[in-house]
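> Build me a model from this:
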Amino acid sequence: MSNQNLPVLYSLHNCPFAIRARIALIKAQQAVRLRSIKLNNKPQEMLNASPKGTVPVLVLSDSKQVLEQSLDIMVWALRQSDPDNLLYPEESHALQHMLSTIESFEHDFDPALNAFGCAKRYHENNMLSLRKDCEVQLALLESRLSQHSFLFGEKESLVDIALVPFLRKFARIDKQWFRDAPYPKLRIWLNNYLQSPMFSKAMEKQELWLDHREDVIFGRYSYKK
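As a prediction, the model looks like this:
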């Protein structure tokens with residue numbers, strides 16, 4: 001497939017939903033034409049494909065199919081190629097259980113995370129209670145990691161790569177607290193990702209697409225685990 005026929009991914013550098021889509025593309029070794037954007041200056045091409053105006057957005061090669069949700073992009077990529085068996089193909093209902101686990105986590109954690117981040121930014125006096133709201137999910141993840149090496153089982157899965165960008169965002173809000181927090185297994189799990197060559201590839205800074213309208217070929221990487 002020539003580069004011009006590759007899918008187009010609209011992405012935002014630090015958005016957890018966009019990060020996990022990029023991670024899945026790397027894990028799947030699925031090349032795309034990446035277009036880095038800013039939310040206050042969205043390309044018209046992106047809005048034509050996806051009027052909702054949020055990222056990530058993946059426009060497939062025939063331009064007739066558009067994936068507008070990060071989990072849909074992740075599953076699509078890993079169904080093209082899943083060398084690490086992140087979808088647990090040997091287990092018939094594994095993907096359904098993974099998606100349920102991810103969606104349950106997001107439902108509670110994402111709004112709590114955003115509220116905690118805003119409270120820290122604006123020095124609000126309810127930071128402690130908002131952090132405790134986040135800790136409900138942290139405790140559940142710590143419990144999972146006490147039972148097995150990864151969040152879904154003894155080997156890495158879709159759940160791990162879907163959740164890691166949100167835990168990264170949380171850990172950065174109050175770094176000193178997180179270093180001493182009673183979640184040692186979660187901290188090790190997170191650090192293993194953040195220090196990996198794979199994550200470094202996912203977080204490479206790209207020039208904004210609107211500056212030069214030059215696509216970056218992304219996802220066609222090999223890396224040492």
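> any idea how this protein splits into domains?
According to automatic domain parsing, the chain comprises the domains 3-86+199-218, 94-196.
> how about a markdown table for those domains, with mean pLDDT and mean neighbour count added?
No exception for glycine: its C-beta is placed from N, CA and C like everyone else's. Rendered in a markdown table, the data for those read as follows (pLDDT from 0 to 100; neighbours: other C-beta atoms under 10 Å):
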| stretch | mean pLDDT | mean neighbour count |
| --- | --- | --- |
| domain 3-86+199-218 | 96 | 18 |
| domain 94-196 | 97 | 16 |
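> Work out the gap between the helix or strand containing residue 20 and the centre of the chain.
Using DSSP states H and E, residue 20 sits in helix 16-28. Once both centres are worked out by C-alpha atoms, centre = their mean, to the nearest Å, helix 16-28 turns out to sit 5 Å from its chain's centre.
> which helices and strands sit right next to the lengthiest helix in the chain?
Secondary structure of the chain read by DSSP state H shows that its longest helix is helix 94-121. Other helices and strands packing on helix 94-121, by 3 or more C-beta pairs under 8 Å, 6 or more residues apart in numbering; DSSP states H and E, are helix 70-80, helix 127-147, helix 158-173.
> residues touching the spatially closest residue to residue 207 that is not a sequence neighbour, list them.
By the measure of C-beta to C-beta, 6 or more residues apart in numbering, the closest residue to residue 207 outside its immediate chain neighbours is residue 36, 6.7 Å from it. In this structure, residue 36 makes contact with 11, 12, 13, 206, 207, 208, 209, 216, judged by C-beta atoms under 8 Å, 6 or more residues apart in numbering.
> Just give me the closest of the residues you listed to residue 28.
Checking the contacts of residue 36 against residue 28 by C-beta to C-beta gives residue 11 as the nearest, at 15.4 Å.
> Looks like that closest one contacts residue 33 (just checking).
No - at 10.7 Å, residue 11 and residue 33 do not qualify as touching, with contact defined as C-beta atoms under 8 Å.
> thinking again about what came up before, could the helices and strands packed on helix 94-121 be laid out in CSV, adding distance to residue 7?
Conversion of the helices and strands packed on helix 94-121 to CSV gives the following (distance: least, C-beta to C-beta, whole Å):
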stretch, distance to residue 7
helix 70-80, 9
helix 127-147, 31
helix 158-173, 19
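> Residue 35 and residue 11, how far apart?
When C-beta to C-beta, to the nearest Å is the yardstick, residue 35 and residue 11 sit 7 Å from each other.
> for residue 97, same thing?
Computed as C-beta to C-beta, the residue 97 to residue 11 distance reads 28 Å.
> check contacts around the residue sitting furthest away from the middle of the chain.
For the chain, the residue at maximal distance from the C-alpha centroid (C-alpha atoms, centre = their mean) is residue 125, at 29.9 Å. Neighbour list for residue 125: empty [criterion: C-beta under 8 Å, 6+ apart].
> Since that was my last question, I'll sign off now.
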